[in-house]
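>>> Mind looking at a prediction? Sequence and model below.
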Amino acid sequence: MSLEATIIDLVTTNKSIARYGDAEFNVVMKKANPNYQAHDELLSQRLLEVLQSDLDNFMVAIPGPFYSMKGERMPIKYFWYTYINKNGKELFAYFNKKKVYGNAGITRFYLGQSDKRVSYKIAKLLKQLWDKKDLLLIEGELSRMGVGNDLFDNANSIKRLLCPSKNAFNSYDAILEASIAHGKDKVILIALGPTASVLSYDLAKLGYKALDVGHIDVEYMWMLMKAERVMPIKGRYVSETRDEEDYEIPEPYNTIYQESIVGKVGL
């Protein structure tokens, strides 16, 4: 699916979504793990289960470059050409050739896009997902989605469940339990690495609307900053940069942020 079609499908239905990128695929193939999640055999098994799932209210999304490189900047094209040449034969065996997959790039809408007008269009569309809705944000303790920007300004309310920034899957059962307790009648947005893919699936099976939106806030901040490369962001942990940053949240954002926290798991 295109970026636009993926978002519109999520806006107009009760579907949840899990997004797969190179980090999730590497865990499935047991080839590597992201720097924020140690190897876990169960996580690998669960990610494969979700990838091959077929629920009416659940969308599996994979990278757009698996279908077409059109619109991607050259470094992104190079990355995916290289990745597919190396892993494609093994990876594609996991896919259902008759299934239509969502586009995982919906939350990677800025840095990789050659036409930044598309980026602003996608950001505007994404905001429809939570327009006038009550939100539960399930995120790493330093992700701080929406703090200091207007990404969720059109939501009715925001509550947060804070989880470990690293090795979140180690606390999976407790995170799922807390998500169920706090997510009733809410749109649940999850930014928690590969754990988010599994969590969105398990919540969808229970009737919740859970969206794996990892990286959405970082890309939105880069768009506001008009960044041309991966950059650290003040007050946030950004997994793709090793640069040290200040994690203090300035007022008045800190008070609002602290008041939105309804629970902490594994911390």
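Yes, it's here.
>>> going forward, measure contacts between C-alpha atoms and count neighbours the same way
Noted.
>>> Dihedrals phi and psi, residue 114?
phi -80, psi -30 (degrees, to the nearest 10).
>>> Give me the phi and psi angles of the nearest residue to it once chain neighbours are set aside.
Spatial nearest neighbour of residue 114, excluding adjacent residues (C-alpha to C-alpha, 6 or more residues apart in numbering): residue 73 at 4.9 Å. With angles defined as degrees, to the nearest 10, residue 73 sits at phi -70, psi 160.
>>> my guess is residue 73 meets residue 109, correct?
No - contact criterion C-alpha atoms under 8 Å: residue 73 and residue 109 do not qualify, at 11.5 Å.
>>> more crowded one of those two?
Taking other C-alpha atoms under 10 Å, residue 73 and residue 109 do not tie; residue 109 has more neighbours (22 against 14).
>>> ok, that one to residue 39 distance?
For residue 109, the distance to residue 39 equals 28 Å [C-alpha to C-alpha, to the nearest Å].
>>> And for residue 68?
Distance of residue 68 to residue 39, computed by C-alpha to C-alpha: 31 Å.
>>> picking that back up, local confidence estimate at the residue nearest to residue 114?
Here the pLDDT value assigned to residue 73 is 92.
>>> For the closest residue to residue 139 other than its chain neighbours, give me phi and psi.
The spatial neighbour of residue 139 that comes closest, neighbours along the chain excluded (C-alpha to C-alpha, 6+ apart), is residue 191 at 4.8 Å. With angles defined as degrees, to the nearest 10, residue 191 sits at phi -130, psi 90.
>>> re the thing from before, can you check which residues contact both of residue 73 and residue 109?
Among the neighbours of residue 73, none is also in contact with residue 109 (C-alpha atoms under 8 Å, 6 or more residues apart in numbering).
>>> re the thing from before, ok, the residue nearest to residue 139 - contacts?
Per C-alpha under 8 Å, 6+ apart, neighbours of residue 191: 137, 138, 139, 140, 143, 212, 213, 214, 215.
>>> Now, these that are in strands?
137, 138, 139, 140, 212 (DSSP state E).
>>> could you dump these to CSV with distance to residue 35 and pLDDT?
Putting the ones in strands among the contacts of residue 191 into CSV (distance: C-alpha to C-alpha, whole Å; pLDDT from 0 to 100) gives the following:
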residue, distance to residue 35, pLDDT
137, 22, 98
138, 20, 98
139, 17, 97
140, 14, 94
212, 19, 98
